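*Asks:* sequence unknown, structure follows:
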């Protein structure tokens, strides 16, 4: 009998599900002790990773924001020159679009879920 078709859970199923749900948070915590890590990996894991997404609903002059060339040897455009010392720590992503969405302000929540044009 399928558990989804039953109106009432039996005691054994409830206890099994409860034990699994209590154990889940501890399983991820045991990974470092089971496999070990070197000091460099542990230090990198403790450093927070950040992601900044910029959405300009009224637009930005494209040549001033997006590099003409691809790869790491691009010439920084006007708006990115102030970030030149941090160049190895960020990535510029452009050419994203939403071909299935109508062109309206109601699509703003999906701005960072684009696909390549």
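*Replies:* Okay, I see it. What you see is a predicted model; the values in this text were computed from it and never measured.
*Asks:* can you give me the helices for the protein?
*Replies:* Taking DSSP state H as the criterion, the chain contains helices spanning 11-29, 31-35, 39-46, 62-65.
*Asks:* least confident secondary structure element in the protein?
*Replies:* The helix or strand of the chain with the lowest confidence, counting by mean pLDDT, DSSP states H and E, is helix 31-35 at a mean of 55.
*Asks:* low-confidence regions, this protein specifically.
*Replies:* The model of the chain has pLDDT under 70 over residues 1-7, 26-44, 57, 97-99, 101-109, 111, 114-117.
*Asks:* how close does the residue lying closest to residue 64 once chain neighbours are set aside sit to residue 10?
*Replies:* Once flanking residues are discounted, residue 64 sits nearest to residue 78: 4.3 Å by Cβ to Cβ, 6 or more residues apart in numbering. All C-beta atoms are positioned from the backbone trio N, CA, C, and that covers glycine. Distance, residue 78 to residue 10, using Cβ to Cβ, to the nearest Å: 68 Å.
*Asks:* and residue 61, by the same measure?
*Replies:* In terms of Cβ to Cβ, residue 61 sits 66 Å off from residue 10.
*Asks:* could you do residue 85 as well?
*Replies:* 64 Å.
*Asks:* more crowded one of those two?
*Replies:* residue 10 (10 against 7; other Cβ atoms under 10 Å).
*Asks:* for the more buried one, give its distance to residue 23.
*Replies:* 20 Å.
*Asks:* same question, residue 94
*Replies:* 45 Å.
*Asks:* and if you look at residue 13?
*Replies:* 16 Å.
*Asks:* higher neighbour count, those two?
*Replies:* residue 13 (12 against 9).
*Asks:* give me the distance between that one and residue 20.
*Replies:* 11 Å.
*Asks:* now do residue 53
*Replies:* The value you get for residue 53 to residue 20, if Cβ to Cβ is used, is 36 Å.
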